[in-house]
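[1] Pasting a predicted model and its sequence here:
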Amino acid sequence: MGRAFIALVVFVALPFMKAADLIRFQSPNTLDFDDLVTLASVDPPPPDVQARLDALLSTPFVSNESWFAGYKPLTPNVPGVGQVLRIAEWNINREEKDAMMLAFSDLNGFEALARENPRLKQKTLSNAVGEARYLQSADVIVLNEVDHGVNRTRYRDVTRDIAMTLHMNYVFATEFVELTPLYARYKKNEGEHTGEKESEQSEVDPKRYLGLEGSALLSRYPILSARVVQLPMAYDWYHQEVHAISELAKVGNLAAGKLVAEKLKRQVRRGSRLVIIAELEIPGPTPSVLTVVCPHLEDYSQAPGRRKQMEFVLSQIKPISTPLVMAGDLNTMGHSAAPVSFKSEIKNNLLNYHFWARLAMYDFVPLPGVSYGVAAYNHFRGLHDPTVANIPIVASSHERAMFDDIHRFRFDDGSSFEWEGDKAESFHHKSRTLAVTNQRAEKGFEPTFEFGRTFHGLIGTYKLDWIFVKQSTSFPPYQGRTLRAINDAPVKKISDHSPTTVDLALPSLLANRQASQSDGVAPGR
């Protein structure tokens, strides 16, 4: 009886035995306002300021306060699958969104907000409420473009606010220190015309402004460890932006501020894209570790720059032997999102041999309008699917090389990422590439990003946000989804990105399935 009691105590205590080793709260030193002004106006920064910036960019904020307070995972139950660990990924686009918080935490409040939209159809409303209910049961959430101490979000620590509302632990990593308002003020003091709107933007509270923007991981499971790794720079957000503003100013001074709107597109900041690599403890009869990898690739870069960054991410995770999920905004739009300039058009077209090769090919084809036909074919062929085959010159798929790298990648233990889709395990029962972890549509994938205005959803919509799951005997993935109705429901869209999710079957469920199979019982789907 004594031995049985001891065994029971050990069994119950296992999920919590590492609690003493958990970081309850960790916060790197932020920069004071004088440091921020120096970073905006002095280049290169003084060594001491640069050292403080480097420490901030390389040290994550970590909190396990919700776990210590006794909050536990929700572990939703999916018919035919059982209890799952639901993961969501969402680029929330920095701006403060009360609707986003309602979608995460208040189903009735979200539905009431959606009903204020006079153009909303009943079917869309029903879908949006259902998606919000589904999203609210996620136990792990990856967020991109999250503010901390920025005037546009009322100086809030957005990650901590969301985590406290949802009773979740979190990691926040600073991707950039935003310096645009301070740089605008500095240039104004120098006598350079910046325009009225830019002057308003420079009005910040020196006592509250931290200027941090980055990525976050929220989890109802305890966070065992977390590190942040900066990716190879594919775009220099300080020097290239300052140069662009300087070039515009030469014209703007002559044009009496007519280019103010274009100036406002520029973002002066210090830092670079990054990846968060965190380990979560998954309690149970046999506690296990799940590694969650959260990359955010560069949008102000052509596809080769993003490929180089992904190669670096893969090199960082190659030795990891635990089950692993990689979720983030990969910005797979096939081109750069940087504002178009005359110089960039020259570089991307007239100095690009593909441009001249296409012209030469069209000259040899005697049919009128062949160039328009080829362009249309290439667009619809790759619509919402950056994984389609790359046919150089004729039908380029610029992001395909990066997906080939991910497909060929092998961890040191020999495993790879789940790739081929299974109809029985995918949403809407579709197969083909990555169908289990990322929702496919009739053509390509269900888009996760769209511009403010699109042409019938054909131009201006992209699949940018992705979830990849390492092949493993535990945590098999099910039904990757894109929750677009959530964004479509309110009068003003919550974000230009839609959340995407995937379910992972919990190890205890897998053990039960294996036992059923050994007894000759087929597992349910």
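    Received, thanks. Residues are numbered from 1 along each chain as shown.
[2] start to end distance for stretch 227-247?
    Using C-alpha to C-alpha, to the nearest Å, one end of stretch 227-247 lies 38 Å from the other.
[3] Contacts for it next, please.
    Contacting residues not belonging to stretch 227-247 are listed as 43, 57-60, 173, 176, 179, 183, 187, 263, 266-278, 295, 297-298, 300-301, 305-306, 308-309, 312-313, 316, 338-339, 341 [C-beta atoms under 8 Å, 6 or more residues apart in numbering]. (Each C-beta comes from the backbone N, C-alpha and C, glycine too.)
[4] next one: stretch 34-49
    Contacts for stretch 34-49 (C-beta under 8 Å, 6+ apart): 31, 50, 52-53, 177, 179, 182-183, 186, 209, 211, 238-239, 242, 268, 270.
[5] What's the ChimeraX line that selects buried ones from the residues you listed?
    With 16 or more other C-beta atoms under 10 Å as the criterion, this ChimeraX line picks the buried residues out of these:
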select :31,52,53,177,179,182,183,186,209,211,238,242,268,270
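[6] Now for the contacts of stretch 34-49: which two are most distant?
    The most widely separated members of the contacts of stretch 34-49, counting by C-beta to C-beta, are Y209 and H239 (22.4 Å).
[7] Checking A338 next. Helix, strand or coil?
    Look at A338: counting by DSSP: H, G, I helix; E, B strand; the rest coil, its state is coil.
[8] contacting residues around the nearest residue to it once chain neighbours are set aside?
    Among residues not flanking A338 along the chain, Y300 sits closest, at 4.3 Å (C-beta to C-beta, 6 or more residues apart in numbering). By C-beta under 8 Å, 6+ apart, the contact list for Y300 reads A234, Y235, W237, Q240, S336, A337, A338.
[9] Just the buried ones from these?
    Among these, the ones that count as buried by 16+ other C-beta under 10 Å are A234, Y235, W237, S336, A338.
[10] what's the farthest-apart pair in those?
    The most widely separated members of the buried ones among the contacts of Y300 are W237 and S336, with 13.2 Å between them, by C-beta to C-beta.
[11] how near is T501 to L434?
    Taking C-beta to C-beta, to the nearest Å as the measure, T501 falls 14 Å from L434.
[12] I should have written G421 there, sorry.
    The gap separating G421 from L434 is 7 Å, by C-beta to C-beta.
[13] what sits in contact with each of these two?
    Contacts common to G421 and L434, judged by C-beta under 8 Å, 6+ apart, are R440.
[14] of these two, who's got more company?
    For G421 versus L434, the count of surrounding residues by other C-beta atoms under 10 Å is larger for L434: 25 against 20.
[15] separation between the more buried one and F403?
    Applying C-beta to C-beta, the value for L434 to F403 is 8 Å.
[16] shared neighbours, these two?
    Contact with both L434 and F403 is made by residues T387, according to C-beta under 8 Å, 6+ apart.
[17] tell me the mean pLDDT for stretch 475-489?
    The average pLDDT for stretch 475-489 rounds to 95.
[18] Let's verify D405: helix, strand, or coil?
    Put simply, D405 is helix when judged by three-state DSSP.
[19] Quick one, grab the pLDDT at it.
    On pLDDT, D405 comes in at 98.
[20] just for the stretch 301-450 of the chain, where's the confidence low?
    340-382, 391-395 (pLDDT under 70).
[21] now with 50?
    Scanning the stretch 301-450 of the chain for pLDDT under 50 picks out the ranges 342, 346.
[22] where along the stretch 201-350 of the chain do the helices fall?
    Assigned by DSSP state H, counting those that start in this stretch, the helices in the stretch 201-350 of the chain fall at 239-252, 260-263, 303-317, 342-345.
[23] Just the buried positions in the third one, please.
    Going back to what we said before, that points to helix 303-317. For helix 303-317, a neighbour-count test (16+ other C-beta under 10 Å) marks A303, G305, R306, R307, K308, Q309, M310, F312, V313, L314, I317 as buried.
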